[in-house]
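>>> Structure here, sequence nowhere to be found:
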């Protein structure tokens, strides 16, 4: 049984043949995708440095300031966890809400049902039988204003969370942010976490990607297509011009691949783009958000200047 829908098969075939890329979003699909990502998050969270640990520490330090910015009369809030993964990154937010006796509905939104199921399982294990509304949706494809609007039918508020420096993985960050903006009204807030660039620590940043568990995660879709690790080389580089990590595989020989019922051949020496991870400065993040149509309410950066969290609202044009 295919892990792809027919529409996803068409998108993947077009991406591979058209621009030599496997869209990163597909790597989360299926049981193996969810297991692989859960493994990465747990490893990164347990180390002293790394995206998830840096974000978690900063979030715990600043969560009170972020929650203080929300409406004072708020009694219930929808936590819309965009690209929810295993749910762990939102724990500090849910704990702070629980401590303040604020009711919340957990809303995991992801392209992968397996990731949604894992996130809900972890949230319930930590916080009890919480109310949740699961949303299987590809947010790269458009806005989800109808979903966000209907969540507030009980007069609750919406807080969108986009953690894990996932924004930097997007091939078109402006389009994705526009989809979020178009899903929000003037009373909604969004909290975004991104890793900052530090040219003195490029080798350290690259080390998080040039490791076995990251490679295992990224090889998931090539292997589904019929491409074996042993028939490729795995390359991680830093692109100075784009300020991003780039990961590709290069074929050592011709490869017959299959996506759904469609089969074709990739030639020896072809390179397939697997992942990008843009690293920001506080200025480039704020400018990007402003250009899309957000205003920054709070910007918090850790002492080492390695990670930042930005709370934003859509700009109202009059």
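Received, thanks. Computed from a predicted structure; not experimentally measured.
>>> Can you pull out the residues in contact with stretch 297-309?
Contacts made with stretch 297-309 from outside it, assessed by CB atoms under 8 Å, 6 or more residues apart in numbering, are listed as 49, 51, 54-55, 57-59, 61-62, 65-66, 69, 165, 189, 191-196, 198, 201, 280, 282, 285-286, 310-313. Quick note: C-beta positions are derived from backbone N, CA and C, even for glycine.
>>> residues of it that come out buried?
Along stretch 297-309, these residues count as buried under the neighbour rule (16 or more other CB atoms under 10 Å): 300-302, 306-309.
>>> what do you get for stretch 19-33?
Quick answer for stretch 19-33 (16+ other CB under 10 Å): 21-30, 32-33.
>>> out of these, which are inside helices?
Helix and strand membership here follows DSSP state H; of the buried residues of stretch 19-33, those in helices are 30, 32-33.
>>> Pipe those residues into TSV and attach distance to residue 290 and pLDDT per row.
As requested, these are exported to TSV (distance: CB to CB, whole Å; pLDDT from 0 to 100):
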residue	distance to residue 290	pLDDT
30	38	95
32	39	95
33	34	95
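>>> Which single one of those residues is nearest to residue 111?
Distance from residue 111 was checked for each of those by CB to CB. The minimum falls on residue 33, at 9.8 Å.
>>> quick one: contacts for the closest one?
Each residue near residue 33 by CB under 8 Å, 6+ apart is listed here: 3, 26-27, 112, 114-115, 217, 220.
>>> So, low pLDDT: which residues of the stretch 51-200 of the chain?
Scanning the stretch 51-200 of the chain with the threshold set as pLDDT under 70 gives 51-52.
>>> can I get the ones in helices among the buried residues of stretch 19-33 in CSV with distance to residue 143?
Compiled in CSV, these are given as follows (distance: CB to CB, whole Å):
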residue, distance to residue 143
30, 26
32, 30
33, 25
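>>> Go through those residues and say which is closest to residue 260.
residue 30 (14.0 Å).
>>> What sits closest to that closest one if chain neighbours are left out?
In this structure, residue 30 finds its nearest non-sequential neighbour in residue 3, 3.8 Å apart by CB to CB, 6 or more residues apart in numbering.
>>> name the element that neighbour belongs to?
Secondary structure here is read from DSSP states H and E; on that basis residue 3 sits in neither a helix nor a strand.
>>> My understanding was that residue 265 contacts residue 256; is that so?
Yes: judged on CB atoms under 8 Å, residue 265 makes contact with residue 256 at a distance of 5.6 Å.
>>> which residues does the closest residue to residue 291 other than its chain neighbours contact?
Nearest residue to residue 291, sequence neighbours excluded (CB to CB, 6+ apart): residue 174, at 7.1 Å. With contacts defined as CB under 8 Å, 6+ apart, the neighbours of residue 174 are 288, 291-292.
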